[in-house]
Each structure stands twice: as C-alpha cells, then as structure tokens.
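**Student:** sequence unknown, structure follows:
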C-alpha cells in the first residue's frame, strides 16, 4: 500500500515540477524589480550638469516626491521619452535628471533640442551614481518619495501608456 | 595536404574569432591568488543587461564597469563575500549564477536533495519488496509441482 502511494508520488511530483517550469518559460527575465526598491536613494556627491561649481547630494530628495530619470545624449530611447517626461513635469511632478556617462556639452545640447523637464540634472560622467543605482542601461526612471526612499523603478523607454497605467498611479500612491 | 590546409584554415579562423571577441581588458596581477579570485568572481556574476553571459565574458559597458568594481574592491582588500554583497545590493540576486542560501532559496537548494532522498527510498522499498517475494519458502504442494516440471523436462 505504501509502495503504491510512493509510486503515485512520482507522477504527481513530475507534473507539479513540470507546471512550475512551464510557468517559468513565460517569465521575462528583464522584468525584474530593482534591487534598490524600498531602500534609500544611495548617497552621492556630484556637480550639476549646468554648473560645475554647484554641488549636490542625496539631500536633494528629502521633502518632496521626485521622479528621477537616468538619461544620456547617446541614448535614443531617452529622446523618444522626452515628450512623456515633459508632460509629467507639466502636471507639477518634480523631475530630477541624472546625466549618465555623458559630457556637459552633449547633455546641454540634448536639453535645448528635446526640452528640459528637469528641476536639476546630476552630472554623472563616469556612471558612479548610475552604478550605485544599479543602472545597466539608460533610460531608467525611479520614483523617490519625500523621505528619499525609492518606491518604483521603470526600466527602459517610458511610453505614453506607461505614464498612464504605471507611473501616474505610482505617483498618486506615494505623493 | 588538403587536410593540413583545412586544419590550418580552421586554426587561423579560431584565432581571428578570438581576436574579434576582444574588448575585454587584460588585467595584470602580481598575486596569483588575487588573480584566481578575480577570475572566479567575474565568472560567477551574470551580466544584468545580456541575460546569460558572465561579466567576464561580456562586451556590455555595464559588465566592464562591474569588472572594474570587482578589481577595485579586491585591491581594497575586501573579501569575496563583501564583494558579492556589494554587487547584489545594486543589481539584485539576479546577477548570481549560484543563488545564496537564504529563506526564499531553501526550497531551491533543498528540493533536489529531497528528491534524491525520496528516489532512494522508493528504490530501497521496491528492492525489499521484491526480495521478500522471492525469498518466500515454497509450500509442499508447490515443491511437488516444481519437481514434476523439472522431471518432465529431463525425461523428454
């Protein structure tokens, strides 16, 4: 009797595992949460894109909810998502840019050409802040709450649908 | 002759492909232990961008950044565990080819062991059951029938 039961366990176990693995096939490995979720914005010290004498650090994110967009002039998707970011800024959402692995001239040129939704831009030419943020390719967008804690992360291009279905609901949630 | 020529062609091709795959910097180490640790660490971390390439094998900019960081932290005297933590804090468990043993990975690590134990148990029980069946003594009636069968074979 126990033998029967044990033998029954084999196909049941097999089917169970097969179902788990089958479900794994449809998971997208690029859709994973940032490791920084629910953690404080990493400490940093940098200058701004516009002014090499102006120093900024993580206290930039205390007091008001902010959308942080990591961008670079070299990144095509960053250009395409600019209209969406300008729209978000128009709705009164505070935007801060991280100019990632770029030069001052190219960054400034980008802003004059595609618009500037950012209150300020952190200048990160060596990608040091980007590394601490776990950025592995621009654009990436983080929502930082008024306490400076990262609450939402969007990897890649922000489409108008993403704004409507993901970003605005998150903004409402953490405002 | 043709064989040698084609062999040479293959060799040349191999070296060209190797040269083309470049873009990964060569690092000099004074200490062979340090070099081994660097190789092991960079081989054990997955590139976050390219999904299934280790950072020691990837041309992606982020992999180069991560190799630089591993190198810096090694020079800084950090332990392997500290370096792995440093990377996981930024890029998540995803980058580890071997997930660490923690609450949410007990099942992952434990299941194979549990399955092997279960399999062994099943085999042991089956072998035992079979052995018991064959070791049962024959009754007098069965023995008589067996003798009859054997004798019939012999006489014919």
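**Tutor:** Perfect, I can see it now. On a predicted model such as this, the values are computed, not experimentally measured, just so you know.

**Student:** so which helix or strand takes in residue A:29?
**Tutor:** In the assignment (DSSP states H and E), residue A:29 maps to no helix and no strand.

**Student:** Residue A:138 versus the closest residue to it other than its chain neighbours, what's the distance?
**Tutor:** Excluding the flanking residues, the one nearest residue A:29 by C-beta to C-beta, 6 or more residues apart in numbering or on different chains is residue B:51, at 5.7 Å. C-beta: built from backbone N, CA, C; applies to glycine. Noted for residue B:51: a distance of 18 Å to residue A:138, by C-beta to C-beta, to the nearest Å.

**Student:** Checking whatever residue of chain A ends up closest to chain B next. Helix, strand or coil?
**Tutor:** Closest contact between chain A and chain B, by C-beta to the nearest C-beta, is at residue A:35 (3.7 Å). Three-state call for residue A:35 (DSSP: H, G, I helix; E, B strand; the rest coil): coil.

**Student:** biggest helix in chain A, by residue count?
**Tutor:** Counting by DSSP state H, the longest helix found in chain A is helix A:2-25.

**Student:** now what about that one, what contacts it?
**Tutor:** B:115, B:118, B:121, B:122, B:125, B:126, B:129 (C-beta atoms under 8 Å, 6 or more residues apart in numbering or on different chains).

**Student:** What of stretch B:147-156?
**Tutor:** By C-beta under 8 Å, 6+ apart, the list of residues contacting stretch B:147-156 from outside is empty.

**Student:** coming back round to it: just the contacts of helix A:2-25 that are near chain A?
**Tutor:** Near chain A, taking C-beta under 8 Å from any C-beta of the partner chain as the test, the members of the contacts of helix A:2-25 found are B:115, B:118, B:121, B:122, B:125, B:126, B:129.

**Student:** want to throw the residues you listed into JSON lines with secondary structure and neighbour count?
**Tutor:** Putting the ones next to chain A among the contacts of helix A:2-25 into JSON lines (DSSP: H, G, I helix; E, B strand; the rest coil; neighbours: other C-beta atoms under 10 Å in any protein chain shown) gives the following:
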{"residue": "B:115", "secondary structure": "helix", "neighbour count": "12"}
{"residue": "B:118", "secondary structure": "helix", "neighbour count": "14"}
{"residue": "B:121", "secondary structure": "helix", "neighbour count": "12"}
{"residue": "B:122", "secondary structure": "helix", "neighbour count": "15"}
{"residue": "B:125", "secondary structure": "helix", "neighbour count": "14"}
{"residue": "B:126", "secondary structure": "helix", "neighbour count": "13"}
{"residue": "B:129", "secondary structure": "helix", "neighbour count": "12"}
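
**Student:** returning to that earlier point: with neighbour numbers in mind, choose between residue B:51 and residue A:138.
**Tutor:** The neighbour count for residue B:51 versus residue A:138, taken as other C-beta atoms under 10 Å in any protein chain shown, is higher for residue A:138 (25 against 11).

**Student:** burial count for the nearest residue to the more buried one once chain neighbours are set aside?
**Tutor:** Of all residues beyond its chain neighbours, the one nearest residue A:138 is residue A:75 (4.3 Å), with distances taken as C-beta to C-beta, 6+ apart. As a burial measure, residue A:75 scores 19 neighbours (other C-beta under 10 Å).

**Student:** Find the residue ranges of the chain scoring beneath the pLDDT cut-off.
**Tutor:** This is for chain A. Counting by pLDDT under 70, chain A has low-confidence residues at A:1, A:3.

**Student:** I was after chain B.
**Tutor:** Along chain B, segments meeting pLDDT under 70 span B:1-23, B:135, B:156.

**Student:** backbone phi and psi for the one residue sitting closest to the centre of it, please?
**Tutor:** Centroid-nearest residue in chain B, with C-alpha atoms, centre = their mean: residue B:98, separated by 9.4 Å. Residue B:98 adopts backbone torsions of phi -110, psi 100, taken as degrees, to the nearest 10.

**Student:** Now do the same contact list for it.
**Tutor:** By C-beta under 8 Å, 6+ apart, the contact set of residue B:98 is residue B:44.
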